[in-house]
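K.L.:
Coordinates only, no sequence provided:
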């Protein structure tokens, strides 16, 4: 009896000790299962401080711009994102800088998504005076929508987007620079959509060793002092030839044709130094379109749903063409508006997936779509017709 009593006390003490230890861990490192939050940014200080957990701010959340505002005229007036993941929605408002020597956003190591849920063609999402709207040196940047403007104050050569390192994927948006719409001097720039415009030099320029891939976009040139109009071009004073075919993603093509003698789809371009060491592809071409022939996958179909204890086994028909994998969506709502979850299955050859940890006696609705990975983004088919099954 005494031995059993001591064992019971030991158990209680052990449980108590573990509980205290768990609380201390959560307090020290935070709750790793905490839900990401959406914050509304209404002052420049809030935007500049989101790299730190200041009043709840920090990486891993979505930041919605609440009104127009200007970052100050200090040495570090721009917003620097150095680590963690950020989603910034400009929400129909403008963020701009007051220092002609600085850009508005510097991406240096962070994983960032830019979008504008209420974008207006007449209003910039980000505007820089004299420098660049976005300056990227490392990390990841995904731009889905928005207007990114670099206007001249007479002291610098502004751009809408500068990529000097890391990986930047542009799915849409408008990029204007009084000097260059967007340029890449290092890292990787993948363009899947959007419009690029310049007031003077190139709508899109490769200034060094940048790796540019274009699948679909529009380019609008400006006019230089000498009267030339350049849609896209490069700076490379060390070589006599520059291979612009490397800019094209698989299945893409340039349209319309350029001035005779300055473009050949099958070979390198002979460098024509129209301005210093700059070489143009689209010589005297006011507008230029790149169109991709990349096809979306066809809609797959569900074959069957089989239920088990807190699980569903989902089967579908395999499709090979233009398919990199599948997305399965399941919900307790037939409209997929409540309790919705999405599972990704990589590989076109997969034809089944078991979803576990479901609720007993609940009816689940399931649908599927295919996706194709292309040039740093995904092309999706339509969702299939849904099937339903009650979990045992």
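P.N.:
It's in. Nothing here was measured: the structure is a model prediction, and the numbers come from that model.
K.L.:
I figured residue 182 hits residue 196, correct?
P.N.:
Yes - with contacts counted by C-beta atoms under 8 Å, residue 182 reaches residue 196, the gap being 5.3 Å. Using the backbone N, CA and C atoms, a C-beta is placed for each residue, glycine as well.
K.L.:
so where is the chain shaky, pLDDT-wise?
P.N.:
Within the chain, the ranges that satisfy pLDDT under 70 run 1-35, 54-55, 74-77, 155, 226, 235-245, 254-283.
K.L.:
which ones are touching residue 340?
P.N.:
For residue 340, the contact set (C-beta atoms under 8 Å, 6 or more residues apart in numbering) comprises 329-331, 333.
K.L.:
Which pair in the residues you listed has the greatest spatial separation?
P.N.:
Pairwise distances across the contacts of residue 340 (C-beta to C-beta) peak at 11.0 Å, for the pair 329 and 333.
K.L.:
With neighbour numbers in mind, choose between these two.
P.N.:
Set residue 329 next to residue 333 and count neighbours by other C-beta atoms under 10 Å: residue 329 wins out with 17 against 12.
K.L.:
partners of whatever helix or strand the more buried one lives in in the sheet?
P.N.:
Using DSSP states H and E, residue 329 falls within strand 325-331. Sheet pairing of strand 325-331 (DSSP bridges) gives strand 341-346 (antiparallel), strand 363-374 (antiparallel).
K.L.:
Identify all contacting residues around that strand.
P.N.:
With C-beta under 8 Å, 6+ apart, strand 325-331 has contacts from 300, 312, 314, 316, 336-348, 350, 353, 355, 364-371, 373, 380, 383.
K.L.:
try 7 Å
P.N.:
Outside of strand 325-331, the residues within contact range by C-beta atoms under 7 Å, 6 or more residues apart in numbering are 300, 314, 316, 336, 338-348, 350, 353, 355, 364-371.
K.L.:
Identify the bridge partners of the residue nearest in space to the middle of the chain.
P.N.:
The residue lying closest to the centre of the chain (C-alpha atoms, centre = their mean) is residue 142, at 1.6 Å. Per DSSP bridges, the residues bridged to residue 142 are residue 113, residue 169.
K.L.:
Start at 870, not 1
P.N.:
All right, first residue 870 from here; so that's residue 1011.
K.L.:
wait, it sits on residue 979?
P.N.:
No - with contact defined as C-beta atoms under 7 Å, residue 1011 does not reach residue 979; the gap is 11.5 Å.
K.L.:
So which residues of the chain form helices?
P.N.:
Applying DSSP state H to the chain gives helices spanning 871-898, 913-917.
K.L.:
wait, doesn't residue 933 sit right on residue 915?
P.N.:
No - at 11.1 Å, residue 933 does not count as touching residue 915 under the criterion of C-beta under 7 Å.
K.L.:
ok, back up a step: gap between the strand holding residue 1198 and the chain center?
P.N.:
Here strand 1194-1200 is found 22 Å from its chain centre; the criterion is C-alpha atoms, centre = their mean, to the nearest Å.
K.L.:
what's the answer for stretch 967-980, then?
P.N.:
Counting by C-alpha atoms, centre = their mean, stretch 967-980 comes out at 17 Å from the chain centroid.
K.L.:
before we move on, what about stretch 1247-1261?
P.N.:
26 Å.
K.L.:
what do you get for stretch 1213-1231?
P.N.:
With C-alpha atoms, centre = their mean as the basis, stretch 1213-1231 stands 27 Å off its chain's centre.
K.L.:
Ends of it, what's the gap?
P.N.:
22 Å (C-alpha to C-alpha, to the nearest Å).
K.L.:
Tell me the buried residues in it?
P.N.:
1214, 1217, 1222, 1224, 1227 (16 or more other C-beta atoms under 10 Å).
K.L.:
swap in stretch 1251-1261?
P.N.:
Neighbour-count burial for stretch 1251-1261, counted by 16+ other C-beta under 10 Å, picks out 1253, 1255-1256, 1258, 1260.
K.L.:
cool, and stretch 1234-1252?
P.N.:
Buried positions in stretch 1234-1252, judged by neighbour count with 16+ other C-beta under 10 Å: 1234-1241, 1243-1246, 1248, 1250.
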